[in-house]
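Kindly generate the corresponding structure for this input.
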Amino acid sequence: MSIGSVLNTGIQGIQAGGRGMEQSAQEIVKAGSGENPSADFVEPIMDLKLYQNSVEASTKVVKSADEMIGTLLDTMA
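Below you'll find the model as predicted:
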């Protein structure tokens, strides 16, 4: 696996997490608006936290790939 593919995987994870967070936030708004009286806050809030953790983990992947690229450039220079 190349560093570029690791970097791309991290970026894709951040993007997917952001989309999931947006969707969860919209579900929370709908639940709070009374639009759906049977709507529950618990699941969308738990999903929001799950997506937050996913974004944080993906951010660490991107940071690690960036550090590896920096180390390789320093070694080759």
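
can we go C-alpha only for contacts and neighbour counts from here?
Will do.

The most centrally placed residue in the chain and A65, how far apart?
Most central in the chain under Cα atoms, centre = their mean is V55, positioned 2.4 Å from the mean C-alpha point. Distance of V55 to A65, computed by Cα to Cα, to the nearest Å: 15 Å.

Find the residue ranges of the chain scoring beneath the pLDDT cut-off.
Applying pLDDT under 70 to the chain picks out residues 36-39.

ranges for the helices of it?
3-33, 42-76 (DSSP state H).

what's the offset of the first one from the middle of its chain?
Centroid displacement of helix 3-33 relative to its chain, using Cα atoms, centre = their mean, to the nearest Å, is 5 Å.

do the same with the longest one
Here helix 42-76 shows a centroid-to-chain-centroid distance of 8 Å under the convention Cα atoms, centre = their mean.

Quick check: buried residues in that helix?
Neighbour counts over helix 42-76 (16 or more other Cα atoms under 10 Å) mark 44-45, 47-48, 51-52, 54-59, 61-62, 64-66 as buried.

same question, the shortest one
For helix 3-33, burial by neighbour count (16+ other Cα under 10 Å) applies to 6-7, 10-11, 13-14, 16-18, 20-21, 24-25, 27-28, 30-31.

State the distance from V29 to G17.
For V29, the distance to G17 - Cα to Cα - is 18 Å.

All good on my end, thank you.
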